[in-house]
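A.B. asks: below is the sequence, then the predicted model.
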Amino acid sequence: MVAAKRGGKRIGYIRVSTVDQNTARQLDGVELDKVFTDKASGKDTNRPQLNAALDYLRDGDVLVVHSMDRLARNISDLLNTVQTLNERGVVVEFVKESLTFTGDDSAMSKLMLTIMGGVAEFERAMIRERQLEGILKAKQAGKFKGRKSSMSDAQIKAISDRVAAGENKSALAREFGITRQTVYNVVAAQ
């Protein structure tokens, strides 16, 4: 582990995908001066605590993250974030992968960052693919119904009837406070 230089701080960043997930396993036992925690999907670009952490970090600080997939949405985002922080004099440490990036890294370190980030991105894609396959099988077996509609049966019938009568779908979407795609979905389901 690399200590913060010139009295810098060790700043932790934790991200879990959903509000009900536990953050305790990430950075457990790691000595930190301050921790920023987001409860948002990795693909979500709106991660206020990550932005706050990035603003907070100063030259000589160390950003400590449980794993690469907790920091970035994809490989290009990972590479850009690490490079930008290193250029600002911030060291980036990934606990799970036991990798630290200082900006003075060798070609081998940069290759490891790219490979490990690529593996993490591939792993997320595979999980998503398996999830979609499972949903498809559950639908075929009649066990998966999807999310319950937020509209009442009366609203669904009204939309269907009015579309059938030739009313504008965009106007209906605005009136009912839904997206135009939802109007199309309601019509297709009837």
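C.D. replies: Great, that's in hand. Residues are numbered from 1 along each chain as shown.
A.B. asks: now residue 50: closest residue in space that isn't a chain neighbour?
C.D. replies: In this structure, residue 50 finds its nearest non-sequential neighbour in residue 38, 5.8 Å apart by CB to CB, 6 or more residues apart in numbering. Where you see a C-beta, it was placed from the backbone N, CA and C, and this is true even at glycine.
A.B. asks: for that neighbour, give its distance to residue 55.
C.D. replies: Going from residue 38 to residue 55 by CB to CB, to the nearest Å gives 14 Å.
A.B. asks: again, but for residue 163
C.D. replies: Distance check for residue 163 against residue 55: by CB to CB, it reads 48 Å.
A.B. asks: quick one: which of the two has more around it?
C.D. replies: Using other CB atoms under 10 Å as the criterion, residue 163 and residue 55 rank with residue 163 on top: 17 against 9.
A.B. asks: you'd agree the more buried one is up against residue 170?
C.D. replies: No - if you go by CB atoms under 8 Å, residue 163 and residue 170 don't touch, sitting 11.3 Å apart.
A.B. asks: where exactly do the helices run in this structure?
C.D. replies: Taking DSSP state H as the criterion, the chain carries its helices at 48-56, 68-71, 75-87, 107-140, 153-164, 169-176, 180-189.
A.B. asks: report the buried residues of the longest one.
C.D. replies: Neighbour-count burial for helix 107-140 flags 113, 116, 117, 120, 121 (criterion: 16 or more other CB atoms under 10 Å).
A.B. asks: equivalent analysis for the first one, please.
C.D. replies: For helix 48-56, burial by neighbour count (16+ other CB under 10 Å) applies to 49, 50, 53, 54.
A.B. asks: check which helices and strands it sits against.
C.D. replies: The contact analysis (3 or more CB pairs under 8 Å, 6 or more residues apart in numbering; DSSP states H and E) places helix 48-56 against strand 10-16, strand 34-39.
A.B. asks: winner for burial among these?
C.D. replies: For these, the largest average neighbour count (mean count of other CB atoms under 10 Å) is found in strand 10-16, namely a mean of 23.
A.B. asks: and it with helix 48-56, angle?
C.D. replies: Inter-element angle recorded for strand 10-16 and helix 48-56: 160 degrees (by axes from the mean of the first three to the mean of the last three CA atoms, to 10 degrees).
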